[in-house]
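> Mind looking at a prediction? Sequence and model below.
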Amino acid sequence: MNHELKTLQPPVAPKVPTTRSHHGDEVADPYEWLREKQNPEVIAHLEAENRYTESITADQEQLRQAIFDEIKTRTVETDLSVPTRRRGWWYFTRSVEGKPYTIHSRVKADTTGHQDTDWTPPLVDAQADLPGEQILVDGNLLAESHSFFALGGMCINEPSNLLAYCVDTTGDERFTLYVKDLDSGELLPDVIEGVFYGLAFSPDSTRVFYTVVDETWRPHQIKAHVLGTDPSTDQVVFQEDDPGMWLGFELSADHDTLLISSGNSEYAETSMLDLTDPAATIQLLVPRSLRLLHGVDLLPGTDTRALITHDHQAPNNMVALADLEQLGADADPSQWKTVVAHETTVKVEGTILTSTHLVLSVRRDTCERVQLIPLEGLGTGEQQPVIEPEFDEELFTAFPTSANLESPMVRLSYTSDFTPARIYDLDLANNQLILRKQTPVNNYDPQNYRATRQWATAGDGTRIPLTVMHRTDLDLSHPQPMLVYGYGSYEVSMDPGFGIPRLSLLDRGVVFVIAHVRGGGELGRDWYLNGKKLHKKNSFTDFVDATRYLVETKLADPQRIVAMGGSAGGLLMGAVANLAPELYTGIVAQVPFVDALTSILDPELPLSALEWEEWGNPIEDADVYQYMKSYSPYENIRPVPYPRIAAVTSLHDTRVLYVEPAKWVAKLRDVTTGSAPIVLKTEMDGGHGGASGRYEGWKNRAWDYAFALDALGLNPQTRS
């Protein structure tokens, strides 16, 4: 290695006096100036950090390349999805070796009148075009000349001759909407800037509905664009003025009604707009005054009832049936008919309607699974029993991916930690599962790996579920190097799921553990509530207690443990670094939310006001302010020897701004009493998910894993 690079000193961010004051508390923040994204000195500092990171991790390059090559070799690069039938067409996606982005295609479907024939997907050759195949969107062509590319929403109109799609070429999640004539292949002149996720055509194909964000990146308006008109004249269909509410919409099962939802992590409001009636106005269904978390499905056709999944006196949710006359400003949940009663051990995650069945996504024993109830007799004494497809594994994830009124089948996705994704069709006539595909993986034998469930005990006696993954031939009679991963926020569950990159760690003798800490959703609503707001510290202490359990049970080598987490999981990483730096050999914090208090104190920052329902409002509540200040990683850096730390971020991330890890790293280096390297890696052309394209994604994963392996003493270039 070049000696000059080896001895390169880390950048030192200048300290610029800045003071903030809230609730009588004045805080000096000398690195706040790094927030000035347009300041050339800030860009120069980030670039200097990248050069330093490159030099410090140069001896990991061969390991990174090896991991990337393993991911690439195991991945069947030329592959395709199982076609899904909609309105007389089979839709599917292709991936092609050497191309980073997905190709979206379709082919005309035959209609013979025989269910098995009509609903059996065509056999598509991954190596060749299907006769009559029509390419809808080729991400590789759209990405040409752009350093970043991502597709947002996509939708097709009812006659299936128009496609609306959105493109982001900066990473800031503000998309440009295009409309394509699928008969001619030409783009219409309608181009709309600043569009967020979510698209839908009106039933008559004259309008496209979309959402836009305000200056804080919060979706706050639903607009309707009339094709052929100036976008500046687009009508605002609905506007959400509460800065703590996120706005979105979806179509009803019959596509005739726009269902509009405003919500946060604690309650929501739902309204509807009849798209078949030009004179229709917005009709309130479930008001926010009820303070219900809920979802609404309208029964199709002339049925004037709605299915409502809600948490009224039911923290894990229940499903009820109500006439539309029972909804509105005076809606009373106690008057609705129970379809699925509340259970303390089962969480209802969501519902989908077919023409004959209610499809439920539920969580039991930490795992997501699918249930069905026939619509006939629903909500009466004649309601039929729940049907649940059975699978062989103990730890798995099964969820519906496609269901609609015209299909006699429900498309399911199934995976586990060592079962590559399977696609099933569930025949609603006989409840039989039909395996359509299992994702192929090269050079892989699932018998070589094992996943088990263990339980750690928190300081307050709470049992914390752990997923422990390792090679079956790994000798667990003595402690092993370990990577512990966690998230623990927003009621998001770290569900079992197959991942090729993880195999590169396991094959090098690493035990990979997921700590399902409080704040996630693995054990129902209470598991989440006990890890948010004034209970947030439970997430952090759970992770530390889980790590100590792994050491005490002699599964983990106490000298070789790396912690990893991203976004809100990056907050977790920053917090455990302060709580127990001695436990970890290294920490990888991906797009980390490590300056949480500063961000939440500024409602003009992207998405900050929306976060009050997750963390509390430190602007108005002094107790919340003090509580957040007591755990926010940037606020609590102390003079102790921190382990080696990598903070990975993106310049154009709008969810967790680059300035948070930039400030965090600067302060860590200034305060630590240790000599372990602390590095900042900034993707200068990426967003919250990093750089775009699957190959860049693999490189990012390889970088993170190589850093972890190096910290664990498993880098052949540095192993003594």
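Noted; the coordinates are in hand. Residues are numbered from 1 along each chain as shown.

> low-confidence ranges in the stretch 601-720 of the chain?
Along the stretch 601-720 of the chain, segments meeting pLDDT under 70 span 607, 686-692, 720.

> and the nearest residue to residue 86 once chain neighbours are set aside, what does it touch?
Using Cβ to Cβ, 6 or more residues apart in numbering and skipping the chain neighbours, the partner closest in space to residue 86 is residue 404 (6.9 Å). Bear in mind the C-beta positions are built from the backbone N, C-alpha and C, glycine included. Under the criterion of Cβ atoms under 8 Å, 6 or more residues apart in numbering, the neighbours of residue 404 are 86, 253, 354.

> measure residue 404 to residue 627 for me?
Computed as Cβ to Cβ, to the nearest Å, the residue 404 to residue 627 distance reads 46 Å.

> again with residue 114
For residue 114, the distance to residue 627 equals 63 Å [Cβ to Cβ].

> got it, and residue 345?
Shown here: residue 345 relative to residue 627, a distance of 31 Å by Cβ to Cβ.

> For the two, work out which one has more neighbours and name it.
Neighbours were counted for residue 345 and for residue 627 using other Cβ atoms under 10 Å; residue 627 has more, 20 against 10.

> what helix or strand does the more buried one sit in?
Element membership of residue 627, judged by DSSP states H and E, is helix 622-631.

> to the chain's geometric centre, what's the distance from that helix?
Relative to the centre of its chain, helix 622-631 is centred 27 Å away, using Cα atoms, centre = their mean, to the nearest Å.

> Let me know the next secondary structure element after it.
Proceeding N to C from helix 622-631, the next assigned helix or strand is strand 644-650, under DSSP H and E.

> Pairing partners for that next one, with directions?
Its sheet considered, strand 644-650 pairs with strand 586-590 (parallel), strand 678-683 (parallel) by DSSP bridges.

> tell me which strands and helices the helix or strand that the last one is followed by is in contact with?
In this case it means strand 678-683. Once strand 678-683 ends, the next helix or strand along the chain (criterion: DSSP H and E) is helix 694-711. Under the contact criterion of 3 or more Cβ pairs under 8 Å, 6 or more residues apart in numbering; DSSP states H and E, helix 694-711 touches helix 61-74, helix 500-506, strand 556-566, strand 586-590, strand 644-650.

> Buried residues in helix 694-711, which are they?
Residues of helix 694-711 classed as buried: 694-711 (neighbour count, 16 or more other Cβ atoms under 10 Å).

> rewinding a little: packing partners of the helix holding residue 627?
Helix 622-631 packs on strand 25-28, helix 537-552, helix 596-600, going by 3+ Cβ pairs under 8 Å, 6+ apart.

> Pick the most deeply packed of those.
helix 596-600 (a mean of 25; mean count of other Cβ atoms under 10 Å).

> For that helix, which helices and strands make contact with it?
Where contact means 3+ Cβ pairs under 8 Å, 6+ apart, helix 596-600 is packed against helix 612-615, helix 622-631.

> Arrange those helices in TSV, one row each, with distance to residue 144 as further columns.
Below are the helices and strands packed on helix 596-600 laid out as TSV (distance: least, Cβ to Cβ, whole Å):
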stretch	distance to residue 144
helix 612-615	39
helix 622-631	45
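
> need the contact list for the spatially most central residue of the chain.
For the chain, the residue nearest the mean C-alpha position is residue 492 (8.2 Å; Cα atoms, centre = their mean). For residue 492, the contacting residues are 520-521, 568, by Cβ under 8 Å, 6+ apart.
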